[in-house]
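1. Dropping the sequence and predicted coords here.
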Amino acid sequence: MTLLDFGLFRQPRVFFGEGKLFQLPVLIGEFGKKVLLVTGAKSFRQSEGFSLLLERLCSDSFLFRQYTVSGEPSPEIIDQAVTEYGNTGIDVVVAIGGGSVIDAGKAISAMLLKKEPVELYIEGLPGYRVHDGSKVPFIAVPTTSGTGSEATNNAVISKVGRNGYKRSLRHPAFIPEAVLIDPVLMLDMPCWLTVSSGMDALTQLIEAFVSPFGSPYVDAVALSGLEYFSESFIQVSQAETRDIEARSKMAYAALMSGIALVNAGLGIVHGFASSIGGHIDIPHGVLCATLLGAATMENMVQLRERGGDTGRFLVKYAQVGRVLCADFSMDDDESCHALLKKLDDWENELNFPKLGAFGFQEKDIDGIVSCTRCKSNPVELSDESMKKILKQRL
């Protein structure tokens, strides 16, 4: 009998459902009147919802400033915001957008009180300092269903190119104080973004579920997310769908993926996301989509070769297969095979681009493998195994 031994991070207050966006002014008021709104450059800012929100903030006498984020947050984006707003007495930071916008807002809230370059506190950089958790309160409002950043304790910061990196600013205090999840905000997501962000959520649910640092709590959360994902992913991936129920299910799956990952860690796909993401400019969800099938297959191969106690992770992969295929009559071997086929079918049907489309080349593989680490993978992969995954997706 295995004794249970695990810990759990706190979770934010969650307000989930159609129309929840317009509870935001009341929630902001709990923290003060001076608000920094962090948004993306286009979609939400051009929506009717954004105009209505600004009207309500004005009518309620909030003093708000706006900061726009384009693409994944860089150190320069965070530092510029801190320079502009560090002395303005901001009471609360609100990020409304996709995962990159939420990560940017989370990092800005963490650095406004520091008034120092964010690179001083990014994990893994030479001489980095551990952040003490002091911050301006933070509210997240996701407009995509993917990263789960609304429930996590880290903000991913990227610097692409020579000596580039994709690493985290992290502290338990960085989990948002509150999250508003309104599936109406996701109705107009373009197909490619729906697919890539959805595959990010799926990758996180699977990797957290098979992590050696999981727990019964993580298992329950991840399986719940996988169930809702399986019921909605293909439907929302179809062009021009505006099914609010399906969007709600995907938003729920993404939230569960964030809760699962913060409590269990992630696997080799996200290990590659860190190393490759600093080397080439590739959307995070696209990278997850293109690597998940090959990585899952190689994990299964290595788990079978190792045998012994690692077999419990194959049982978990089989559980994933039964949920995603909606077939609970399969035995473990059949279900593992069905999972790989399902991932392969999606890869072909939804046209996941390969790494080469973003400039990644075979000559880059050795360098990427040498700096890729992932302690939360269900099996330790050799350099050759990692190279095999990347070569399949060139």
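-> That came through, no problem.

2. gap between Gly293 and Leu381?
-> As judged by Cβ to Cβ, to the nearest Å, Gly293 and Leu381 stand 15 Å apart. In this view, the C-beta of every residue, glycine as well, is placed from N, C-alpha and C.

3. okay, these two: which has more neighbours?
-> Gly293 (25 against 22; other Cβ atoms under 10 Å).

4. residues of the host helix or strand of the more buried one that come out buried?
-> Assigning secondary structure by DSSP states H and E places Gly293 in helix 284-306. Neighbour-count burial for helix 284-306 flags 284-300, 302-303 (criterion: 16 or more other Cβ atoms under 10 Å).

5. same question, stretch 114-132
-> Residues of stretch 114-132 classed as buried: 114, 118-119, 121-122, 125, 131 (neighbour count, 16+ other Cβ under 10 Å).

6. May I ask which two of those residues are separated the most?
-> Greatest spacing in the buried residues of stretch 114-132, by Cβ to Cβ: Lys114 and Leu125 (15.3 Å).

7. hmm, back to that, which of the buried residues of stretch 114-132 sits closest to Pro142?
-> Closest approach to Pro142 among these (Cβ to Cβ): Val118, at 21.8 Å.

8. Setting aside sequence neighbours, what's the nearest residue to the closest one?
-> Closest residue to Val118 apart from its sequence neighbours, by Cβ to Cβ, 6 or more residues apart in numbering: Ile78 at 4.4 Å.

9. was I right about the one you found contacting Met111?
-> Yes - counting by Cβ atoms under 8 Å, Met111 is a contact partner of Ile78 at 6.0 Å.

10. what is in contact with those two at once?
-> Among the neighbours of Ile78, those also in contact with Met111 (Cβ atoms under 8 Å, 6 or more residues apart in numbering) are Val118.

11. And what about the most centrally placed residue in the chain, helix, strand or coil?
-> The centre of the chain sits closest to Thr147, judged by Cα atoms, centre = their mean, with a distance of 2.1 Å. Put simply, Thr147 is coil when judged by DSSP: H, G, I helix; E, B strand; the rest coil.

12. quick one, what contacts it?
-> By Cβ under 8 Å, 6+ apart, the contact set of Thr147 is 98-99, 102-103, 197, 200-201, 204, 254, 258, 284-285.

13. switch the cut-off to 7 Å
-> Going by Cβ atoms under 7 Å, 6 or more residues apart in numbering, Thr147 touches 99, 200.

14. Need the pLDDT of it.
-> On pLDDT, Thr147 comes in at 92.

15. repeat for Ala81
-> Reported pLDDT for Ala81: 97.

16. so what's the backbone phi/psi at it?
-> phi -60, psi -40 (degrees, to the nearest 10).

17. And for it, the neighbour number?
-> As a burial measure, Ala81 scores 27 neighbours (other Cβ under 10 Å).

18. same thing with Met250?
-> Look at Met250: counted by other Cβ under 10 Å, it has 29 neighbours.

19. That one belongs to a strand, doesn't it?
-> No - per three-state DSSP, Met250 lies outside any strand segment and is helix.

20. and it, what does it touch?
-> By Cβ under 7 Å, 6+ apart, the contact set of Met250 is 145, 198, 229, 232-233, 236.

21. so how far is Ala273 from it?
-> 20 Å.

22. how about the closest residue to Lys159 other than its chain neighbours, phi and psi?
-> Closest residue to Lys159 apart from its sequence neighbours, by Cβ to Cβ, 6+ apart: Tyr165 at 5.5 Å. The phi/psi pair for Tyr165 (degrees, to the nearest 10) reads phi -160, psi 160.

23. what does Gln66 give?
-> phi -120, psi 140.

24. What is the neighbour count of the nearest residue to it once chain neighbours are set aside?
-> By the measure of Cβ to Cβ, 6+ apart, the closest residue to Gln66 outside its immediate chain neighbours is Leu37, 4.9 Å from it. For Leu37, the neighbour count with other Cβ under 10 Å is 24.

25. correct me, but Leu324 touches Ser230?
-> Yes - between Leu324 and Ser230 there is a contact at 4.9 Å, judged by Cβ atoms under 7 Å.

26. who has more neighbours, the two?
-> Higher neighbour count among Leu324 and Ser230: Leu324, with 22 against 19, using other Cβ under 10 Å.

27. residues making contact with whichever strand or helix holds the more buried one?
-> Using DSSP H and E, Leu324 maps to helix 311-325. Helix 311-325 is touched from outside by 206, 209-210, 223, 226-227, 230, 300, 303-304, 328, 330, 332, 335-336, 338-339, 342, 378-379, with contacts defined as Cβ under 7 Å, 6+ apart.

28. Buried by neighbour count: which residues of that helix qualify?
-> So helix 311-325, judged by 16+ other Cβ under 10 Å, has buried residues 313-314, 316-325.

29. now it and helix 284-306, what's the angle there?
-> Helix 311-325 and helix 284-306 are oriented at 140 degrees to each other (axes from the mean of the first three to the mean of the last three Cα atoms, to 10 degrees).

30. can you tell me how far Ala294 sits from Val94?
-> 38 Å.

31. and if you look at Ala251?
-> The spacing between Ala251 and Val94, counted by Cβ to Cβ, is 18 Å.

32. do His270 as well
-> From His270 across to Val94, the span is 27 Å (Cβ to Cβ).

33. mind checking the end-to-end distance for stretch 57-76?
-> One end of stretch 57-76 to the other measures 29 Å (Cα to Cα, to the nearest Å).

34. What are the neighbouring residues in contact with the closest residue to Leu57 other than its chain neighbours?
-> Once flanking residues are discounted, Leu57 sits nearest to Phe64: 5.3 Å by Cβ to Cβ, 6+ apart. Contact partners of Phe64, counting by Cβ under 7 Å, 6+ apart, are 35, 37, 57.

35. Right, I'll leave it there.
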